[in-house]
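1. Model the structure of this input:
(one chain, ligands or ions: 4)
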Amino acid sequence: MPNRIDYLRISLIDRCNFRCQYCMPEGEDLAYVRQQDWLTLDELLTLLKAVFIPLGFTRFRLTGGEPLLRPDVVEIVRAIAALPETADLAMTTNAFLLADKAAALYQAGLRRINISLDSLDPTIFQQIVGGRGRSRWYEVWQGIQTAHRVGFAPLKLNVVVIPGVNDHEVMELAALTLEREWHVRFIEFMPIGNGALFGEKGWIDSEAIRQQIRDRWGLVDAAVRGNGPADVFQIPGAKGTVGFISQMSECFCDRCNRMRLSADGWLRPCLLNEIGQVNLRSLLRTGTPMTEIRDRVAHLVDIKPEINYKQRESGTLGTYSRTMSQIGG
Ligand SMILES: Nc1nc2c(ncn2[C@@H]2O[C@H](COP(=O)(O)OP(=O)(O)OP(=O)(O)O)[C@@H](O)[C@H]2O)c(=O)[nH]1
Ligand SMILES: C[S@@+](CC[C@H](N)C(=O)[O-])C[C@H]1O[C@@H](n2cnc3c(N)ncnc32)[C@H](O)[C@@H]1O
Ligand code: SF4
Ligand code: SF4
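-> Ligands and ions are numbered 1, 2, ... in the order given. Here you go, the predicted structure:
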């Protein structure tokens with residue numbers, strides 16, 4: 001029985017205020033989508049109401065680039081949260097601008113937020129996210145604290161583990177869950193965004209990290225689940241959980257439940273396979289009847305199992321014309 005495809009990751013913008021080494025390294029020349037090519041709020045709502053919701057999509061995640069750079073992000077949240085069919089609305093952000101925006105986002109109806117935090121050391125953090133001067137770790141930490149205070153729950157922290165860069169911090173990051181109701185997820189580095197860095201260092205198997213945690217504190221299965229691919233565990237007695245997103249060492253494509261919509265309206269059936277993409281913005285703007293657009297998307301949903309990524313065994317991925325920041329992770 002194929003999985004139900006009901007989760008849409010919506011990238012609001014392909015720009016970012018960070019330059020994470022593993023995603024959009026400094027110095028790399030990226031062609032950004034022109035602002036007039038962004039799907040407008042009206043176009044996004046039209047697609048949700050007339051295409052995605054009728055096809056059974058009810059769970060939505062706003063991502064980017066950095067979604068908080070999108071000027072109308074609060075209005076977008078309010079509009080999607082107000083749709084009666086929305087069963088879940090979440091955001092993935094680097095949290096640099098979150099301290100100022102957390103309350104407005106919460107009031108607009110956002111309840112769940114995943115934040116990238118690759119290091120607890122401001123110097124290492126700055127090395128990972130790029131930029132000079134005072135580390136931007138402090139604003140991010142402030143953003144996380146504010147989100148917690150405002151009431152976002154579950155609050156998840158995403159850590160991309162880069163061998164030789166932040167892997168020595170894994171235990172300290174896992175320890176955040178002991179006293180706080182936070183959910184720390186370790187993500188295996190994927191070779192999309194910075195092939196050179198990946199080539200040198202590769203990824204660390206989730207099981208190796210689990211074993212370190214098990215040896216120190218013990219580890220049991222946790223009941224808390226998200227919509228995504230994380231396997232979730234808990235240190236006995238901890239308030240939060242530790243999750244593992246193991247796209248390199250373990251395959252979760254057989255439970256894939258999602259598609260991705262880029263800021264300029266390209267619908268992408270699989271993160272790691274460029275086959276089958278369709279430009280919904282262009283269909284919309286050329287007046288294609290909504291029934292026809294819906295049929296095109298319904299067809300993609302039907303054939304998604306054939307498109308889903310299958311080259312995992314080789315341990316390498318293809319070359320991609322769009323990187324993670326452009327797709328939304
Ligand atoms: N290969 C692959 N990786 C994914 C997929 N979905 C999420 N990921 C990875 O998991 C990371 C974190 O995802 P999030 O944006 O936090 O979303 P999520 O894990 O789906 O969210 P929850 O609903 O909270 O479980 C992404 O940046 C990717 O690295 C997917 O479909 N395929
Ligand atoms: C592309 S970012 C967009 C949202 C936001 N800017 C952020 O960083 O949370 C979404 C997620 O992709 C992850 N990511 C980016 N490049 C990656 C890579 N090469 N391998 C694994 N995860 C990656 C990030 O860590 C982040 O959790
Ligand atoms: S991971 Fe997120 S914060 Fe880092 S460069 Fe990519 S889009 Fe920006
Ligand atoms: S790689 Fe493709 S098929 Fe596999 S989980 Fe990610 S989006 Fe789904």
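
2. how deep is residue 224 tucked in, by neighbour count?
-> Residues within reach of residue 224, counting by other CB atoms under 10 Å, total 15. For the C-beta atoms, the positions are set from N, CA and C on the backbone; glycine is no exception.

3. what does residue 53 give?
-> 18.

4. So for it, what's the nearest residue that isn't a sequence neighbour?
-> Spatial nearest neighbour of residue 53, chain neighbours left out: residue 85 (4.7 Å); criterion: CB to CB, 6 or more residues apart in numbering.

5. just checking, residue 6 touches residue 56?
-> Yes. Using CB atoms under 8 Å, residue 6 is in contact with residue 56, at 5.3 Å.

6. Where does residue 178 sit: helix, strand or coil?
-> With DSSP: H, G, I helix; E, B strand; the rest coil as the basis, residue 178 sits in helix.

7. Provide a list of residues in contact with it.
-> 217, 235, 237, 238, 239, 240 (CB atoms under 8 Å, 6 or more residues apart in numbering).

8. 7 Å instead, please
-> Applying CB atoms under 7 Å, 6 or more residues apart in numbering, we find residue 178 in contact with 235, 238, 239.

9. Residue 62 too?
-> Here residue 62 is in contact with 10, 12, 76, 91 (criterion: CB under 7 Å, 6+ apart).

10. okay, now the closest residue to the second one other than its chain neighbours: neighbour count?
-> Closest residue to residue 12 apart from its sequence neighbours, by CB to CB, 6+ apart: residue 70 at 4.1 Å. For residue 70, the tally of surrounding residues (other CB under 10 Å) stands at 20.

11. which residues sit in contact with residue 88?
-> So residue 88 contacts 59, 227 (CB under 7 Å, 6+ apart).

12. Show me what from the protein comes close to ligand 3.
-> 16, 18-20, 23-24, 64-66, 94, 116, 324-325 (CB under 6 Å from any ligand atom).

13. Distance from the helix or strand containing residue 125 to the middle of the chain?
-> Residue 125 is located in helix 122-129, with elements delineated by DSSP states H and E. Its chain's C-alpha centre and that of helix 122-129 lie 20 Å apart, by CA atoms, centre = their mean, to the nearest Å.

14. Check stretch 259-277 too.
-> 14 Å.

15. Does that stretch reach ligand 1?
-> Yes. In terms of CB under 6 Å from any ligand atom, part of stretch 259-277 sits within range of ligand 1, namely 271, 272.

16. With stretch 150-166 instead?
-> Yes. Against ligand 1, stretch 150-166 shows contacts by CB under 6 Å from any ligand atom at 156, 158.

17. So which residues on the chain come close to ligand 4?
-> 229, 252, 253, 256, 270, 271, 272, 308, 309.

18. Looking at the residue lying closest to the first one once chain neighbours are set aside now. What's its pLDDT?
-> Yep, that's residue 229 we're talking about. Distances taken as CB to CB, 6+ apart place residue 252 nearest to residue 229, at 4.1 Å, with adjacent residues excluded. On pLDDT, residue 252 comes in at 88.

19. quick one: residue 252 and residue 225, what's the gap?
-> Separation of residue 252 from residue 225 (CB to CB, to the nearest Å): 13 Å.

20. of the two, who's got more company?
-> residue 252 (14 against 11).

21. so does the lowest-mean-pLDDT helix or strand in the chain get close to ligand 2?
-> Here the helix or strand of the chain ranked lowest by mean pLDDT, DSSP states H and E is helix 195-201, holding a mean of 74. No. Under the criterion of CB under 6 Å from any ligand atom, ligand 2 is not reached by helix 195-201; the shortest gap measures 7.2 Å.

22. okay, residue 6 and residue 56: which has more neighbours?
-> residue 6 (20 against 12).

23. who's in contact with residue 30?
-> By CB under 7 Å, 6+ apart, the neighbours of residue 30 are residue 24.

24. For the residue of the stretch 201-329 of the chain found nearest ligand 3, give me its contacts.
-> Minimum separation of the stretch 201-329 of the chain from ligand 3 (CB to the nearest ligand atom) falls at residue 325, amounting to 4.1 Å. Residue 325 makes contact with 14, 16, 23, 24, 64, 65 under the criterion CB under 7 Å, 6+ apart.

25. now the residues you listed as a markdown table including neighbour count?
-> Below are the contacts of residue 325 laid out as a markdown table (neighbours: other CB atoms under 10 Å):
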| residue | neighbour count |
| --- | --- |
| 14 | 25 |
| 16 | 22 |
| 23 | 24 |
| 24 | 22 |
| 64 | 28 |
| 65 | 29 |
